[in-house]
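**Q** Give me a model of this one.
(2 chains)
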Number of protein chains: 2
Amino acid sequence: MRAGPSQDEIRRQNLGALLRHVHVHGATTRAELTTTLGLNRSTIGALTADLAGAGLVSEGAPKETGRAGRPSLVVRPESARVYAYASSIEVDRLRAARVGLGGEVLDRRDLDRPRGMDAAETAPLLAGALTEMHHQVAADARCVGAGVAVCGMVRRADGLVRLGPSTGWVDEPLGATLADALGIDLPVTVGNVADVAAFAEHARGVAAGCDNVIYLYGDVGVGAGIIAGGRRLTGHGGYGGYGGEVGHMVVSRDGARCECGSRGCWETEIGEHGLLRAAGRSEARGREALQAVFEAADRGDARAQVAVRQAGDWLGFGVGNLINIFNPEMVIFGGTMRDLYLAAAAQVRSRLNQVGLPACLEHVRLRTPKLGDDAPLIGAAELAFERLLADPLDVG
Amino acid sequence: MRAGPSQDEIRRQNLGALLRHVHVHGATTRAELTTTLGLNRSTIGALTADLAGAGLVSEGAPKETGRAGRPSLVVRPESARVYAYASSIEVDRLRAARVGLGGEVLDRRDLDRPRGMDAAETAPLLAGALTEMHHQVAADARCVGAGVAVCGMVRRADGLVRLGPSTGWVDEPLGATLADALGIDLPVTVGNVADVAAFAEHARGVAAGCDNVIYLYGDVGVGAGIIAGGRRLTGHGGYGGYGGEVGHMVVSRDGARCECGSRGCWETEIGEHGLLRAAGRSEARGREALQAVFEAADRGDARAQVAVRQAGDWLGFGVGNLINIFNPEMVIFGGTMRDLYLAAAAQVRSRLNQVGLPACLEHVRLRTPKLGDDAPLIGAAELAFERLLADPLDVG
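**A** Model (predicted):
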């Protein structure tokens, strides 16, 4: 008979499972861990001791207990001592953060990003912000790596931004450039912003426990992070795949020219440029300008109202198509798509109900992100935590 | 530490892996099985003996050998003795077959199906054909179950056809009706035709070894079986999900009324009705009528040429959208989509290249099925074989 997994493999899996549980769920009693992980008490004790010895978790009494008897010890992630660098490169801003094990944002910096800034200019700015935070960290704290969320198609293996229509980036070696700029010997992992935000919302946000999720994320353009059958949809090339480019689903054969070179892409109707143009504000730019349109519509500005209704209609149209293709249990509207969804919910639902098949519509829930605009940062940090969670003590 | 899997679990997995290998790949030497399955020679010998004892495989000398020395014994699936019933319910015909372990069609019957025939009329016809075949089977042969491929949205758990826009079926309990009509105590599993055809082409056809595949299947309407990350995309509800309804991706907001109740669905442009209407043959029906249009276009009939070019253009349009969403390595055109693709390959490719993102286009291959029109039947049989392969000796 084939041997089962080796003792080392089992130990690594169990360490990873325990650390992942407290990373995602926070402080957990030993009793809960025993039940949830299906391991006996002495094993949980031994694993916890190993992880505590490596400075990854701590143990202590629970904060309060309503029960009589000796309380079960609580295992907590060492959020202050173990952290990842996280960055989010958006069209109009750069965000840098330190995110502790457990997913808490410990420190952050926001910077403006002039449109047209290339990767070679962007990386030193982010590296500067991260280094500044680094100087304020306790000496015994440990950084496990850096993750970056960026709008565009990313080749995960080496952090190449293959194409960022909204930033204008083509074949930018962002991972390598940022690693150079940081000047530290740590892996830098780059992911698509919608993909990592979806991962964060799936792990610890509104989609926790859902196996089939579409997270629609808008900045200037629109992309989706898709969870199918409990796993990220990546397309060919695994996590370096380019799946989820729903913003470039063509919805109108004779539509407007898109920055990707095609015509009539969904994002020409629901993205920033299309909405501002429809509102008669072609010269405006940025999320504040979009919000001004939503506010104007709210105040009764007729042109803004038409623009918002039109965009909401197209939003429902495209989401209806995606629902027919994927049959998800949840659609999440993040970034500017959140704003548009909230401003035009009636139009979205009305068109969605026309386009979607009843069998697919009956169980789908429409939601806004629980992690809000932090989902890209927290998701970027997850890219860095993944290696630690796969092998917490580097058992090999 | 957590215990590894039990001896029974390991044995069941190994028996399943060996049987699945010869089921998919046919006659295999013990030496190859040892290498492929990563088990030692004595284990392969023991597993083979168990499977042979249950009448699932046989062992013998290879048909020829170019090498000196004692040849490695060959393990073959007992295709003639172990079989599944397979049925395919198409809009204009019913097909029933006996498919042997190993995927060979051993016997078959084709029947016309008048449009409008409901499930209660269909099931006895299929059951009759299957029973007729049953009478010619050797006494020691064993049927492991029945699988059915049907166009429409299927709830796998109980074989309910939720909605078949092309057949007009709504909430038809096909699985139960066919089991009753067969009058045998065997499980009847129902699957969507595109889904099971994709599974068959992925297991033993043109997409073997590909992890990200879209199998586009046309009958009167159009659906897709999608493999993402090596697994079937099902959507919410697991294998009872309704994912892959790409024919109801709306491509034209003001397009023609679709049988699903919506407007401008992709299948109104590339399905049978749209193509025949565009060719000025609204009264015609069926695959022969479609083929007559392709032949007329080939002979220079101007109206047929316009219709074929238009449909090919829409085919490329929708496939381009799906490529941007899924980033697959292969798209397979099956059923009437094969005919349309071959008749209008230039239009398909031209529009596809406009709509698809270059990073997604560069590695995608367009193919026709290797299993041809038998893919639905072979895929239907796979539904029945799945239980046997999961636990060949019913180890429990």
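
**Q** where exactly do the strands run in the stretch 201-350 of chain A?
**A** A:213-218, A:222-228, A:231-232, A:330-335 (DSSP state E, counting those that start in this stretch).

**Q** mind checking how far stretch A:190-207 is from the chain centre?
**A** Here stretch A:190-207 shows a centroid-to-chain-centroid distance of 3 Å under the convention CA atoms, centre = their mean, to the nearest Å.

**Q** correction: stretch A:92-109
**A** 13 Å.

**Q** Straight-line length of that stretch, end to end?
**A** 14 Å (CA to CA, to the nearest Å).

**Q** which of the residues in it are buried?
**A** A:92, A:94-109 (16 or more other CB atoms under 10 Å in any protein chain shown). Any C-beta I mention is one placed from the backbone N, CA and C, and that applies to glycine too.

**Q** Stretch A:257-273 now?
**A** A:258-260, A:262-273.

**Q** Also stretch A:221-233?
**A** The neighbour-count check on stretch A:221-233 (16+ other CB under 10 Å) flags A:221-229, A:232-233 as buried.

**Q** quick one: stretch A:387-394 near chain B?
**A** No: legend: contact between stretch A:387-394 and chain B by CB under 8 Å from any CB of the partner chain is lacking; minimum distance shown is 14.2 Å.

**Q** which parts of the stretch 251-396 of chain A sit against chain B?
**A** A:251-253, A:260, A:262-263, A:317, A:320-322, A:324-329, A:354-355, A:357-360, A:363-364.

**Q** Determine the number of other residues adjacent to the closest residue to chain B within the stretch 251-396 of chain A.
**A** Nearest residue of the stretch 251-396 of chain A to chain B, counting by CB to the nearest CB: A:Asn327, 2.6 Å away. Using other CB atoms under 10 Å in any protein chain shown, A:Asn327 has 27 other residues around it.

**Q** and the residue nearest to it when sequence neighbours are not counted, what are its phi and psi?
**A** Spatially, and ignoring its direct neighbours in sequence, A:Asn327 is nearest to B:Gly235 (2.6 Å; CB to CB, 6 or more residues apart in numbering or on different chains). Note on B:Gly235: its backbone torsions stand at phi 80, psi -180 [degrees, to the nearest 10].

**Q** What of the one 10 residues further on?
**A** B:Glu245 has phi and psi values of phi -80, psi 60 when expressed as degrees, to the nearest 10.

**Q** Wait, it touches B:Met153, no?
**A** Yes: if you go by CB atoms under 8 Å, B:Glu245 and B:Met153 touch, sitting 6.8 Å apart.

**Q** residues shared between the contacts of the two?
**A** Jointly contacting B:Glu245 and B:Met153 under the rule CB atoms under 8 Å, 6 or more residues apart in numbering or on different chains are A:Leu357.

**Q** Of those two, which one has the most company?
**A** B:Glu245 (32 against 27).

**Q** Read off the pLDDT value for the more buried one.
**A** Looking at B:Glu245, its pLDDT reads 89.

**Q** closest point of the stretch 101-250 of chain A to chain B, which residue?
**A** A:Gly235 (2.6 Å).

**Q** Distance check, that residue against A:Gly159.
**A** 18 Å (CB to CB, to the nearest Å).

**Q** When the two are compared, which one has more neighbours?
**A** A:Gly235 (28 against 23).

**Q** Correct me if wrong: that one contacts B:Asn212.
**A** Yes: contact between A:Gly235 and B:Asn212 holds when scored by CB under 8 Å: they sit 5.4 Å apart.

**Q** any shared contact partners between these two?
**A** Contacts common to A:Gly235 and B:Asn212, judged by CB under 8 Å, 6+ apart, are A:241, A:243, B:228, B:326-328.

**Q** between those, which is closest to A:Arg338?
**A** Lowest distance from A:Arg338 to the shared contacts of A:Gly235 and B:Asn212 (CB to CB) belongs to A:Gly243, with 22.1 Å.

**Q** I figured the closest one was touching B:Phe326, is that so?
**A** Yes: the criterion here is CB under 8 Å, and A:Gly243 meets it with B:Phe326 at 5.7 Å.

**Q** Comparing those two, which shows the higher neighbour count?
**A** B:Phe326 (32 against 28).

**Q** For the residues of the stretch 251-396 of chain A next to chain B, which PyMOL command selects only the ones that are buried?
**A** To isolate in PyMOL the members of those that are buried, counting by 16+ other CB under 10 Å, one can use:
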select buried, chain A and resi 251+252+260+262+263+317+320+321+322+324+325+326+327+328+329+354+355+357+359+360+364
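
**Q** so how far is A:Leu393 from A:Arg12?
**A** 8 Å.

**Q** same deal with A:Val75?
**A** In terms of CB to CB, A:Val75 sits 16 Å off from A:Leu393.

**Q** pretty sure A:Leu111 is touching A:Leu125, no?
**A** Yes: with contact defined as CB under 8 Å, A:Leu111 and A:Leu125 form a contacting pair (5.8 Å).

**Q** any common contacting residues for the two?
**A** By CB under 8 Å, 6+ apart, the residues touching both A:Leu111 and A:Leu125 are A:Leu94.

**Q** So which of these two has more stuff around it?
**A** Per other CB under 10 Å, whichever of A:Leu111 and A:Leu125 has more neighbours is A:Leu125, with 19 against 13.

**Q** quick one on the thing from earlier: the more surrounded of A:Arg12 and A:Leu393?
**A** Between A:Arg12 and A:Leu393, counted using other CB under 10 Å, A:Arg12 has the larger neighbour count: 19 against 16.

**Q** Which pLDDT value goes with that one?
**A** A:Arg12 is given a pLDDT of 92.

**Q** What are the buried residues along the helix or strand encompassing A:Val144?
**A** Per DSSP states H and E: A:Val144 is located in strand A:142-150. Buried residues in strand A:142-150, counted by 16+ other CB under 10 Å: A:143-150.

**Q** By residue count, tell me the biggest helix in chain A.
**A** Using DSSP state H, we find that the single longest helix of chain A is helix A:302-326.

**Q** what about the closest residue to A:Tyr217 other than its chain neighbours, neighbour count?
**A** Closest residue to A:Tyr217 apart from its sequence neighbours, by CB to CB, 6+ apart: A:Ala194 at 3.8 Å. Neighbour count of A:Ala194, defined by other CB under 10 Å: 33.

**Q** Enumerate the positions of the host helix or strand of A:Ala194 that are buried.
**A** Element membership of A:Ala194, judged by DSSP H and E, is helix A:193-204. Across helix A:193-204, burial judged by 16+ other CB under 10 Å covers A:193-204.

**Q** so which of the residues you listed would you say is closest to B:Arg20?
**A** Of these, the one sitting nearest to B:Arg20 (CB to CB) turns out to be A:His202, at 31.1 Å.

**Q** For the closest one, which non-adjacent residue is closest in space?
**A** A:Ile227 (5.2 Å).

**Q** I'd say the one you found and A:Asn212 touch.
**A** Yes: at 6.5 Å, A:Ile227 and A:Asn212 qualify as touching, with contact defined as CB under 8 Å.

**Q** Just give the closest residue to A:Asn321, not the sequence neighbours.
**A** Nearest non-adjacent residue to A:Asn321 (CB to CB, 6+ apart): B:Met249, at 4.7 Å.
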